[in-house]
Each structure stands twice: as C-alpha cells, then as structure tokens.
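Novice: Only the shape, not the letters, is given here:
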C-alpha cells in the first residue's frame, strides 16, 4: 500500500510554515493519540502516520529531500521519519543542566507516555513544568539560565528506600511482592492494588526518620538550563530526570522548561524571519537615498531607490533568526512607511504648493495610482447610471 503525501496527512499546503505544521500536528495528535482512542488500531495507525509526517516536515534537510524525491528519499535506509532523531527532534543530550530531546513529543507530559501499558509497581516520579519568559534577543542568541525548582528529591539518609539505616523493606506477605492481588468473583478474576502495601510490593516496618518512609523529601533545586539559540514561543526543553523523585527509590520524572518570548518594541518574529516598519521621509521616498535600519546585530545600511512607495518591502538576507532545528538563517524584512511632514512653516508650505503646481492638473505622469483610482471611481458611477 503506497504512503499518503505527508502534506495531505497533516492537512497543510506545501508552502506551509513550520509553525503551521506544528499546529496541525498538535490538533491531529490530540485526536488520534493511543491514550485517547482506547486501543483502536486504525486510529493508532493514523497517529503513527501523522507523527511520521511531522518528523519529516519539521526537519529542514529531510523536508527538502522529501519535496524533491517524495517517499523514495527515505527508502532503502533513507530514514522514513526516524533516522535517530528520537521523538521527532534533535537530541541535545540531557540531565543535570544539559537539555535533552528539545521539543520532544509535545504530548508526553499530557498522556504520560504510557500508551496504555500496564503500570509498573515502582511508579515513576511526576514530570514538572517550568515557564521561562525570554526577550527576543535572548531567544535568538540563546543563553544559560539558573532556575530554582521546588520538588521532591531522593532521601539521602535512606538512599531512597524509605527504611531506616540498618534495616530493609520486607516483601509484602499479602501480594508476595507483586503489588497486586487477584480477586475472584464467580467465573471472573479481577486484579486490584494490594491493600496491605498499596501496590509497592514491600512493607517498611522501620521507616526513615528523615522522609518518614516515603524515600523522598521536599527540596528546592537550583538547575542550570542551557537555552539553545533560535527557540520560540511554545518550544520546550526537557531535562531528563530532573522532575519529582519517585517514592521508595522509583525513577524521577522529567522537567520541561516551557519557553515564552515577550513581544519586541521593534521586531515581529514569524518563523525564522523578522519584520519591522521603518519610517522614511517624503523626500527620501521621492529622491532615493541611504538610511540606517536596526538589526539584532546593530545598525545596517539600506538603500532606498527613488520613487519608492509606502509599504514597499526590502529583504535583508541572513539578518533574521537561525533555526534551532535546521540551522537555516532567516531574513529581516523591512517595510518602509512614508511619513507625511508635519508642523510646516510658511516657506515649507509654499515649496510644497509650488511642487504640486509644477505637476500640473494631469496626475497620470507623476501620480499614476491616484489617476488610476479616480478613473476607476468615474467608471463605477457611470455604470450605476446606465
């Protein structure tokens, strides 16, 4: 059976931005995720199809290969949406201040990554979320930030076991360490959490004085988080194992740093491009000239050709944002807006009047848009009276 077009799978056009692709993926993943579809094999297959399309189209290099060669680009070991990217995005390391699986499965913390699997006896600690507010400059350049996170950490005196030093937890005699017991009702057998050990499989008869048998204590941790250059609002950084410690020595959850980028006074970011409005004078627009425009790296010169109209867009290549995923460099788009002179003195008014009179009554030569507009208005009213 031939594969469906990846753009068709996500319901986006072939020129869709990375942000549009991400939005489409979130919407479809919420709809088809296995933890929401109660084991429906057909919907599970659709979820895998959506995830594969998302992984290819959000990787700049793979998307370019797909656009050129289609699915054939990933056959015979070509990748097929995997290629060692683990969870759909680049693996940047992880744990203890490094960052792992940046923007990994965006639904991992919603669905717990369980996929309907049977819960283990040692329950992993909860994942945590930390909201980080960044300026545009910080998001574009990246930085290292120290954060303080109140959480549960493993108890040191008992090494997370929950039992006082010199003693050990004992195997539960009710469930024999299984954490579950089987209750029979006629022909049916129902498994339930063991009421004696509450599913732990062990009994702590002599609990640790520090953690009172939990194997963990509350503490505020200080972590160093490296923010990669190019992140944007909605991106997440996962610090593996820096979430809450599990009870009785169970593995820790992960910490997700949720990025939010504040609005900028000058620039508006759209994917990897930056946009800004640049006011220019009436004379510069008419005669042309060279102006200075702001960039994130400082001032840059922009040449304005003569007879430039307001709203004209100028592209400054490579002055935008470097993509955190593909490494592609965006552009700065400058939109010029002609500023009408204000607070004119008498002489300035006279000069403008002379300029207007010098153009004569026929505006088709010097003001073609004006002439075209009024010609269209005249035709409109002539048609109404017919």
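Specialist: Happy to help now that I have it. Quick caveat: nothing in here was measured; it's all calculated off a predicted structure. Numbering: from 1, shown residues only.

Novice: Look up the residues forming beta bridges with residue 129.
Specialist: Counting by DSSP bridges, residue 129 is bridged to residue 256.

Novice: isn't it right up against residue 254?
Specialist: No - with contact defined as Cβ atoms under 8 Å, residue 129 does not reach residue 254; the gap is 9.8 Å. C-beta: built from backbone N, CA, C; applies to glycine.

Novice: the more surrounded of those two?
Specialist: Relative neighbour count places residue 254 above the other of residue 129 and residue 254, with 26 against 13, counting by other Cβ atoms under 10 Å.

Novice: The more buried one: what's it in contact with?
Specialist: 108, 109, 127, 128, 238, 239, 240, 241, 242, 243 (Cβ atoms under 8 Å, 6 or more residues apart in numbering).

Novice: and the nearest residue to the last one once chain neighbours are set aside, what are its phi and psi?
Specialist: Pointing back at residue 243 there. By the measure of Cβ to Cβ, 6 or more residues apart in numbering, the closest residue to residue 243 outside its immediate chain neighbours is residue 253, 2.9 Å from it. Dihedral pair for residue 253: phi -80, psi -170, per degrees, to the nearest 10.

Novice: for residue 150, helix, strand, or coil?
Specialist: Secondary structure, DSSP: H, G, I helix; E, B strand; the rest coil: residue 150 is strand.

Novice: for residue 14, what are its contacts?
Specialist: 7, 67.

Novice: Pull up the gap between it and residue 22, please.
Specialist: Distance, residue 14 to residue 22, by Cβ to Cβ, to the nearest Å: 16 Å.

Novice: State the distance from the residue nearest to residue 328 when sequence neighbours are not counted to residue 182.
Specialist: The shortest distance from residue 328 to any residue other than its chain neighbours is 5.3 Å, reached at residue 60 (Cβ to Cβ, 6+ apart). Computed as Cβ to Cβ, the residue 60 to residue 182 distance reads 53 Å.

Novice: the more surrounded of the two?
Specialist: With neighbours defined as other Cβ under 10 Å, residue 60 and residue 182 compare such that residue 60 has more, 15 against 10.

Novice: I'd guessed that one sits against residue 329; true?
Specialist: No - in this structure, residue 60 is not within contact of residue 329 by Cβ under 8 Å, at 11.0 Å.

Novice: Overlap in contacts, the two.
Specialist: Counting by Cβ under 8 Å, 6+ apart, the common neighbours of residue 60 and residue 329 are residue 323.

Novice: where along the stretch 51-200 of the chain do the strands fall?
Specialist: Secondary structure of the stretch 51-200 of the chain, counting by DSSP state E, counting those that start in this stretch: strands at 128-134, 143-154, 170-171, 180-185, 188-193.

Novice: For residue 31, which of these is the nearest?
Specialist: Closest approach to residue 31 among these is made by strand 128-134 (22.9 Å; Cβ to Cβ).

Novice: quick one: the closest one to strand 143-154, angle?
Specialist: Strand 128-134 runs at 160 degrees relative to strand 143-154, counting by axes from the mean of the first three to the mean of the last three Cα atoms, to 10 degrees.
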